[in-house]
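Chemist: any chance you could fold what I've pasted below:
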Amino acid sequence: MARNYANKLILAAVAVANLGTIVPIPTNEAQIRPLTDLEPEQQREVWLQAVNSAPMGKVTALNVEAAKAHMIATGKLAKREERRKREEDGRELARLKAKSAPKVSHQYEIHCCDIRDLTLPAGSVDAVVTDPPYAYKSLHLYEWLAQKSVVWLKPGGLLFAMAGGCFIPEVLNRLTIDGLTFHWMFCWSSGDRFTQIHPRYVTTRWKPIIAMVKGTYKDRLDRYMPDWIDSPFEENRHHDWGQSLIGLRTLIQRVTDPGWMVVDPFLGGGTTALACVQSNRKFVGCDIDRDAVNTTLSRLSEISQNEASSRG
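Modeler: This next block holds a predicted model:
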């Protein structure tokens, strides 16, 4: 076998593996070849586009080439070098802004640490609002989340944890510990946007938010909480799995009061922090990813600068 052809097969095999559980899978090297110079996430995006646009669902190499060309032309798919440069420029800008941003203020505390290392006074937190990683290999994080939340929360305090629909029983099992019980399941609605859950052959327009209560919920808010949150668009400019600021601000304003303490131990792009600061809630958050912490501090710094300019 010629070396060049062997290399093509190796690249094709890697690309097929990156597609994960998406069906149908490529059946020959020509189908997958247009994807081999893309990042794994981009490979999945293009293949999905090719599958959805192929006549009768029969994908050919031409379909894949056309899907890739269309996504590049419409700006939905940046070339690898352009994307990497843009991401690095964004990280560098966030690092520079984070240097001048306080990690602790009268409204928030931001820490770069593991959730297990975030120490807060027992019974000092009104609500935990967070979006942990959903993958099966990350389910243990919900156990850590439950163990920390039951200590942090005030009696009757609530934990709101987003979860993937595939693993709701497993997530509930890990969140249900002594002192922490199931309260309700909220709906994070994505409007007209939909996601295909390929392992289950399901198309969905919502994701669950599992609400757990410490002890007994005593209606601390003195009002009913609507159990749906409209999130008109995703906001992944700051993090690959970022949620919308509008959606999180709506959730926080519905389930907490001004001046209450909210914690997010999986900061990501810091959107929960922004939603709290904009809604006059106190906030504590952490993430093990330094880039995520820098992004959060950078975004909080922009809010402070805008407020200073408006007072001006």
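
Chemist: quick check: which ranges of the stretch 1-150 of the chain have low pLDDT?
Modeler: Across the stretch 1-150 of the chain, the ranges flagged by pLDDT under 70 are 1-3, 21, 23, 56-57, 76-102.

Chemist: ranges for the helices of it?
Modeler: 3-18, 29-32, 40-53, 61-73, 80-100, 140-152 (DSSP state H, counting those that start in this stretch).

Chemist: want to try JSON lines for the ones you listed, with distance to T204 and mean neighbour count as columns?
Modeler: From N, CA and C alone the C-beta is placed, and that goes for glycine too. Output for those, formatted as JSON lines (distance: least, CB to CB, whole Å; neighbours: other CB atoms under 10 Å):
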{"stretch": "helix 3-18", "distance to T204": "22", "mean neighbour count": "14"}
{"stretch": "helix 29-32", "distance to T204": "27", "mean neighbour count": "20"}
{"stretch": "helix 40-53", "distance to T204": "15", "mean neighbour count": "19"}
{"stretch": "helix 61-73", "distance to T204": "22", "mean neighbour count": "17"}
{"stretch": "helix 80-100", "distance to T204": "27", "mean neighbour count": "13"}
{"stretch": "helix 140-152", "distance to T204": "20", "mean neighbour count": "19"}
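
Chemist: the spatially closest residue to G270 that is not a sequence neighbour: neighbour count?
Modeler: Counting by CB to CB, 6 or more residues apart in numbering, T296 is the residue found nearest to G270 once chain neighbours are left out, at 2.8 Å. T296: 32 surrounding residues under other CB atoms under 10 Å.

Chemist: that older thread, who wins for proximity to E302 among the helices of the stretch 1-150 of the chain?
Modeler: helix 80-100 (7.4 Å; CB to CB).

Chemist: coming back round to it: let's have the helices of the stretch 1-150 of the chain in JSON lines, adding distance to C276.
Modeler: Shown next, in JSON lines, are the helices of the stretch 1-150 of the chain (distance: least, CB to CB, whole Å):
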{"stretch": "helix 3-18", "distance to C276": "36"}
{"stretch": "helix 29-32", "distance to C276": "44"}
{"stretch": "helix 40-53", "distance to C276": "29"}
{"stretch": "helix 61-73", "distance to C276": "36"}
{"stretch": "helix 80-100", "distance to C276": "18"}
{"stretch": "helix 140-152", "distance to C276": "15"}
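
Chemist: buried residues, stretch 18-37. List them.
Modeler: 18-19, 22, 26, 29, 31-36 (16 or more other CB atoms under 10 Å).

Chemist: right, I mislabeled it, should have said stretch 216-231
Modeler: Buried-residue list, stretch 216-231, by 16+ other CB under 10 Å: 217, 220, 229, 231.

Chemist: nearest to I197, out of these: which one, please.
Modeler: Using CB to CB, the buried residues of stretch 216-231 come closest to I197 at S231, 17.4 Å.

Chemist: pull the contacting residues for that closest one.
Modeler: Each residue near S231 by CB atoms under 8 Å, 6 or more residues apart in numbering is listed here: 188-191, 243-244, 246-247.

Chemist: again, 7 Å this time
Modeler: Counting by CB atoms under 7 Å, 6 or more residues apart in numbering, S231 makes contact with 188-190, 243-244, 246-247.
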